[in-house]
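Chemist: structure for the following, please:
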Amino acid sequence: MRKICVIFVDDDINLGNLVCTALETDYGYCVHFQNTMAGINNIIPSINPDIIILDVEIGRENGIEKAKEIIENYPQIPLIFVSSHTKESFITEGISIGANAYLPKPLSIPILASYIKRYTNCSQSKAIIKVASYELNLSSSELIYEKKLLKKLSPFEKNTLELLMNHANKTVSREQLAKKLWGHSLKEQNIASIHNTISKLRDLFKTHNRVKINTIRNIGYILQY
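Modeler: Residues are numbered from 1 along each chain as shown. Next up, the predicted model:
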């Protein structure tokens, strides 16, 4: 059985080591810990975590601002804030951007583990995105059509289609795709890769005339049905 995978970001290394040891030893979770936000946009798609735990302040970095971007790009991944800031304004801001919970420090490991269990159980039930007769299994990267496997997608194809399906009938910009796929703003060399990935995905939707990926010129793409 696959272990629950947790990303934990906090600039307190001692706390990080303590939390990692407890969650891995006592609860059987797989924990990736880092004490900065460096590379987080690349780490999330490579690890494919079940939940993200984020400090509100990481050095000079604003965890809430970063969380907005994470929640926009990965709406299916639960996110929990941890912080020594317990003022109502911090808590309401964290929850208002879409975080699932806001836990005060000092942390209680059993309470944290309970929240992880609660929200990963919920998120696993959301691991399939449905559009018309298509289903995208986020855990296995399989695209299903009318209960039959169409293709096991590459990471690029899966992440691109996930963003399009989560924003079905809405325009997804190439900038959004670049942040999802590479973790940075759109660069000239990314455009051809995005175009090629979209072309491959379009071929998979030819079995259903109602579902199409259309180009919005100079902006991006829209999955319509």
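Chemist: next, the contact list for the residue nearest in space to the middle of the chain, please.
Modeler: The chain has residue 74 as the residue nearest its centroid, 2.7 Å off, counting by C-alpha atoms, centre = their mean. Listed by C-beta atoms under 8 Å, 6 or more residues apart in numbering, the contact partners of residue 74 are residue 44. For every residue, glycine as well, the C-beta is placed using N, CA and C.
Chemist: change it to 6 Å
Modeler: If you count contacts by C-beta atoms under 6 Å, 6 or more residues apart in numbering, residue 74 has none.
Chemist: residue 117 too?
Modeler: For residue 117, no contacting residues are found, by C-beta under 6 Å, 6+ apart.
Chemist: just the CA trace of stretch 158-165, in CSV.
Modeler: Provided in CSV are the C-alpha atoms of stretch 158-165 (Å, rounded to 0.1, in the frame of the first residue of the first chain):
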residue,chain,number,x,y,z
LYS,A,158,-1.0,14.6,-16.9
ASN,A,159,-0.1,18.0,-15.3
THR,A,160,-1.3,19.8,-18.4
LEU,A,161,-4.6,17.9,-18.6
GLU,A,162,-5.2,18.2,-14.9
LEU,A,163,-5.0,22.0,-15.1
LEU,A,164,-7.3,22.1,-18.2
MET,A,165,-9.9,19.8,-16.6
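Chemist: pLDDT on it, on average?
Modeler: Mean per-residue pLDDT for stretch 158-165: 93.
Chemist: the helices in this structure, which residues?
Modeler: If DSSP state H is used as the criterion, the helices of the chain fall at 13-27, 40-47, 63-73, 88-96, 109-124, 155-166, 174-181, 188-204.
Chemist: what's the closest of those helices to residue 148?
Modeler: helix 188-204 (12.1 Å; C-beta to C-beta).
Chemist: remind me what that closest one packs against, helices and strands.
Modeler: Contact here means 3 or more C-beta pairs under 6 Å, 6 or more residues apart in numbering; DSSP states H and E; on that basis helix 188-204 packs against helix 155-166, helix 174-181.
Chemist: most tightly surrounded among those helices?
Modeler: Comparing the helices and strands packed on helix 188-204 on average neighbours per residue, with mean count of other C-beta atoms under 10 Å, the densest one is helix 155-166 at a mean of 21.
Chemist: what's it in contact with?
Modeler: Contacts with helix 155-166, where a contact means C-beta under 6 Å, 6+ apart, come from 45, 75, 129, 131, 136, 141, 172, 180-181, 197, 201, 223.
Chemist: same thing with stretch 172-180?
Modeler: Contacts of stretch 172-180 (C-beta under 6 Å, 6+ apart): 73, 159, 163-164, 186, 190, 194, 219-221.
Chemist: farthest-separated two in the residues you listed?
Modeler: Longest span within those, C-beta to C-beta: 159 and 219, 19.1 Å.
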